[in-house]
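> Sharing a sequence plus its predicted fold:
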Amino acid sequence: MKIFAAEQIYAADKTTIKKQNITSDVLMERAATRLFEWLHLRLQGNPVKIHLFCGIGNNGGDGLVLARQLKEEGYNIAVYVVRYSEKRSDDFSTNLERLKKREVTPDVLEEGDALPTISKDDIIVDAIFGLGLNRPPDDWVVALFEHLHRSRAFTLSVDIPSGLFTDRVPSDKKAVVKANHTLTFQVPKLVFFLPKTGIFTENWEVLDIGLDQEFLSTAETDYELIGKNEVLAFYEPRKKYSHKGTYGHSLIIGGSYGKIGAVHLAAKACLHTGSGLVTAYVPQCGYTPLQTNLPEAMVITDAAEKHISKIDFDIEPTVIGLGIGMGKDTKTVNALGQFLDVNKTPLVIDADALNILSENEEFLDKLPPRSVLTPHPKELERLIGKWDGDFQKLEMAKSFSQKYDCVLVIKGSNTLTIYDGKGYVNTTGNPGMATGGTGDVLTGMVTGLIAQGYPPLQAAIFGVYMHGEAGDTMVEDTGYQTLTASKLIEGIGEAFLDLFAVDDDVLADEE
Ligand SMILES: NC(=O)C1=CN([C@@H]2O[C@H](COP(=O)(O)OP(=O)(O)OC[C@H]3O[C@@H](n4cnc5c(N)ncnc54)[C@H](OP(=O)(O)O)[C@@H]3O)[C@@H](O)[C@H]2O)[C@@H](O)CC1
Ligand SMILES: Nc1ncnc2c1ncn2[C@@H]1O[C@H](COP(=O)(O)OP(=O)(O)O)[C@@H](O)[C@H]1O
Ligand SMILES: [K+]
């Protein structure tokens, strides 16, 4: 699913109004009707008090239309106009008049006014600011946001939590409404997925308001949200007359004394993702544990006992996963530099190999085109330098990826894959995966996909999705705390099966 920038959404609005020959008022009515239907379906006439806080722009207009529809259905509402500006949008004004005709006159809240009492069992609808926010809210509006938060009432934000910009991180966390749920129009917003801005809404949901389909499908966007539909398009079925040679040979290079487990996890994940053959290249201390515990994998050992001192092998791998548990011993650093001088095989690079690249920038020029780099945020900072906010981070990551022609997988709660100026936002995964070794599993999975012929960008996007899906499948049995990296590997098979599972609601429709 595409993620549109605010200007593109305004453009989609305009196109829709023109092509469907409707007014902006009709579009607002349609949007707010979707909000009403969502609430009504859940509340079923429940007399709970609903406080609707409306700004003076179109986000506020949506709130007023919702208030009118709730009133008509007999709900217990209180409506406030948060008068943070003298201006009013036309559709706001039209709908204020309509509401007044239904004998609902909103309380106007201005600087210095007493704030309404809200009980924690009430519901707050936040329609204060939408996509039009262009500067931080005034202090008294921030005080209102804090008042809403202190009430602990369920907070439903319209389109976007008020105070959240679509293109920058707010400098003051208090200046944003903390939403329990956001009902966003037509398309998800990038800020829902970034670490410093995603925290302002616990959940989000898209409401289809019928914007012009042609505009939506033809517009180019900088970001895309990756779910099952997107990765299904990449999936390559296994062929009946295939053999292990068909699915590539992965070489996993890494490990050091005390960190052989990392290679074990990556090699095992690689096998579970379908690589035809897997060989591990480790220091000698890794030989016995790997041969004992992972009989499917072959093992090549370095001359050194405890760390990699030379990367030299006489096999011809399809792809190499490099760096997990490798350490940064001087000999290992030299071995990596010498290896990159001669290597032509596609690479997936993680962990200590990334740190070595950060400290030896000249190595970056030696990477084969479209190498996949999988940094967590700290490794990313070492690679691209410090950033100021998530948006600058993304711009820096895009430049880095372009400069070195690499696929950059920024790991995190919503892992973001960057390539060729575009970002792919993953939707699977859970906090149970925040535990040692899960990144090694991802390296193995992406390596295994490239071995089977997936191009590096697709392998990264698909691997990240499947890794998160494996975590989501397993966490149902283990709970967050017990979801270890080994458990994650056990979930990879389920993640593949799930790609073709028919959703329960589809089955129900057919019955
Ligand atoms: N296709 C869709 O998705 C549809 C979207 N719709 C809805 O429209 C919403 C966007 O509406 P919007 O453009 O009127 O913006 P919104 O945020 O309501 O108004 C803010 C206004 O306040 C001002 N202002 C800004 N910052 C300020 C500040 N800090 N302190 C004080 N003032 C400030 C600024 O004016 P300024 O003062 O800068 O001239 C601005 O005009 C969107 O989120 C969705 O809810 C639906 O109705 C239909 C379909
Ligand atoms: N809160 C979270 N939600 C979803 N995925 C997460 C979360 N925390 C971590 N992960 C995932 O777990 C993996 C952790 O990788 P990494 O930090 O490299 O761990 P390690 O080095 O121990 O293997 C990444 O793929 C990351 O996206
Ligand atoms: K809002």
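That came through fine. Ligands and ions are numbered 1, 2, ... in the order given.
> for the protein, which helix is longest?
In terms of residue count, the longest helix belonging to the chain (DSSP state H) is helix 456-478.
> Off-centre distance for that one?
Taking Cα atoms, centre = their mean, to the nearest Å, one finds helix 456-478 lying 12 Å from the centre of the chain it belongs to.
> got it, and stretch 172-179?
The answer for stretch 172-179 is 20 Å, by Cα atoms, centre = their mean.
> after the longest helix of the chain, next one along is what?
Heading C-terminal from helix 456-478, the first helix or strand you meet, by DSSP states H and E, is helix 485-490.
> And the contacts of that following helix?
265, 268-269, 272, 433, 435-438, 440-441, 467, 470-471, 474, 478 (Cβ atoms under 8 Å, 6 or more residues apart in numbering). The C-beta positions use only the backbone N, C-alpha and C, and glycine is treated the same way.
> one more time with 6 Å, if that's ok
For helix 485-490, the external contacting residues (Cβ atoms under 6 Å, 6 or more residues apart in numbering) are Leu265, Lys268, Ala269, His272, Gly437, Thr438, Val441, Ala470, Gly471, Met474, Thr478.
> Closest to ligand 3 out of the residues you listed?
Of all the contacts of helix 485-490, Gly471 has the smallest distance to ligand 3: 31.3 Å, by Cβ to the ion.
> The closest residue to Leu216 other than its chain neighbours and Ser250: what is the separation?
Closest residue in space to Leu216, ignoring its immediate chain neighbours: Ala12 at 6.4 Å, by Cβ to Cβ, 6 or more residues apart in numbering. Relative to Ser250, Ala12 is positioned 43 Å away (Cβ to Cβ, to the nearest Å).
> Which one of those two is surrounded by more residues?
A side-by-side neighbour count of Ala12 and Ser250, using other Cβ atoms under 10 Å, places Ser250 first with 30 against 20.
> In its sheet, which strands sit next to the helix or strand hosting that one, and in what direction?
Secondary structure assignment for Ser250, by DSSP H and E: strand 249-253. Sheet pairing for strand 249-253, assigned by DSSP bridges, gives strand 277-282 (parallel), strand 319-322 (parallel).
> what's next to that strand, contact-wise?
Applying Cβ under 6 Å, 6+ apart, the contact partners of strand 249-253 are 263, 266-267, 270, 275, 277-281, 317-322, 447-448, 451.
> Repeat that for stretch 357-364.
Gly337, Leu340, Arg382, Leu383, Tyr404.
> what sits against the last one?
Just to be clear, that refers to Tyr404. Per Cβ under 6 Å, 6+ apart, neighbours of Tyr404: Leu364.
> how much space between it and Tyr75?
Distance, Tyr404 to Tyr75, by Cβ to Cβ: 57 Å.
> in the chain, what residue is nearest ligand 2?
Gly439 (2.1 Å; Cβ to the nearest ligand atom).
> Okay, and the beta partners of Tyr80?
Under the criterion used here (DSSP bridges), Tyr80 is bridged to Phe53, Asp107.
> thinking it is in contact with Val104, fair?
No: taking Cβ atoms under 6 Å as the definition, Tyr80 is not a contact partner of Val104, at 11.3 Å.
> count of residues packed around Asn229?
8.
> any idea which element it lies in?
Assigned by DSSP H and E, Asn229 falls within helix 228-232.
> Which positions in this structure make contact with ligand 1?
Contact residues (Cβ under 6 Å from any ligand atom) of the chain with ligand 1: 9, 13, 27-28, 31, 55, 57-62, 84-85, 87, 89, 129-137, 158-159, 185-186, 209, 211.
> Now list the buried members of these.
Buried members of the residues of the chain next to ligand 1, counted by 16 or more other Cβ atoms under 10 Å: 9, 13, 27-28, 31, 55, 57-62, 84, 89, 129-131, 133, 137, 158-159, 185-186, 209, 211.
> which ones among those residues come in contact with ligand 3?
Counting by Cβ under 5 Å from the ion, Val158 from these sit close to ligand 3.
> Just the ones of the buried ones among the residues of the chain next to ligand 1 in helices?
Among those, the members falling in helices (DSSP H) are Ile9, Asp13, Leu27, Met28, Ala31, Asn58, Asn59, Gly60, Gly61, Asp62.
> Rebuild the residues you listed as TSV, extending it with pLDDT.
Converted to TSV, those look like this (pLDDT from 0 to 100):
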residue	pLDDT
Ile9	96
Asp13	95
Leu27	97
Met28	98
Ala31	98
Asn58	97
Asn59	98
Gly60	98
Gly61	98
Asp62	98
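> Spatially, which two of the residues you listed are the most separated?
Spatial extent of these (Cβ to Cβ) is set by the pair Ile9 and Gly60 at 17.1 Å.
> Look up the pLDDT of the residue nearest the centre of the chain for me, please.
Centroid-nearest residue in the chain, with Cα atoms, centre = their mean: Asn414, separated by 2.9 Å. On pLDDT, Asn414 comes in at 95.
> for Val506, same thing?
In this prediction Val506 is given a pLDDT of 61.
> returning to what we had before: using the three-state scheme, assign the residue nearest to the centre of the chain.
Under DSSP: H, G, I helix; E, B strand; the rest coil, the three-state class of Asn414 is coil.
> Alongside ligand 3, which residues does the protein contribute?
By the rule Cβ under 5 Å from the ion, the part of the chain lying against ligand 3 is Asp126, Ser157, Val158, Ser162.
> repeat that with 8 Å
Contact residues, the chain versus ligand 3 (Cβ under 8 Å from the ion): 55, 59, 126-130, 157-162, 177, 182.
> okay, and for the protein, where does confidence drop off?
Residues of the chain meeting the criterion pLDDT under 70: 504-511.
> According to the record, where do the domains of it fall?
The record's domain parsing of the chain by automatic domain parsing lists 2-219, 243-499.
> Could you check how far the last one is from the centre of its chain?
In terms of Cα atoms, centre = their mean, the centre of domain 243-499 is set 19 Å apart from its chain centre.
> Ok, the shortest one next?
Going by Cα atoms, centre = their mean, the spacing between the C-alpha centre of domain 2-219 and its chain's C-alpha centre is 23 Å.
> distance between the ends of it?
Terminal residues of domain 2-219 lie 9 Å apart, using Cα to Cα, to the nearest Å.
> how about it against ligand 2, any contact?
No: Domain 2-219 lies out of reach of ligand 2 by Cβ under 6 Å from any ligand atom, never closer than 9.4 Å.
> Check the gap between the closest residue to Arg98 other than its chain neighbours and Ala32 for me.
Excluding the flanking residues, the one nearest Arg98 by Cβ to Cβ, 6+ apart is Arg68, at 5.9 Å. Counting by Cβ to Cβ, the gap from Arg68 to Ala32 is 8 Å.
> just Pro431 next, same as before
Using Cβ to Cβ, Pro431 is found at 34 Å from Ala32.
> What residue in the stretch 151-300 of the chain comes nearest to ligand 3?
Minimum separation of the stretch 151-300 of the chain from ligand 3 (Cβ to the ion) falls at Ser162, amounting to 4.1 Å.
> show me the contacts for that residue.
Neighbours of Ser162 in contact, by Cβ under 6 Å, 6+ apart: Asp126, Ile128, Phe129, Val177.
> The same query, at a cut-off of 10 Å, please.
By Cβ atoms under 10 Å, 6 or more residues apart in numbering, the contact list for Ser162 reads 53, 55, 59-60, 82, 126-130, 133, 137, 141, 144-145, 148, 155, 175-177, 179, 200.
> Which ones among the contacts of stretch 357-364 lie within helices?
Judged by DSSP H, helices contain the following of the contacts of stretch 357-364: Gly337, Leu340, Arg382, Leu383, Tyr404.
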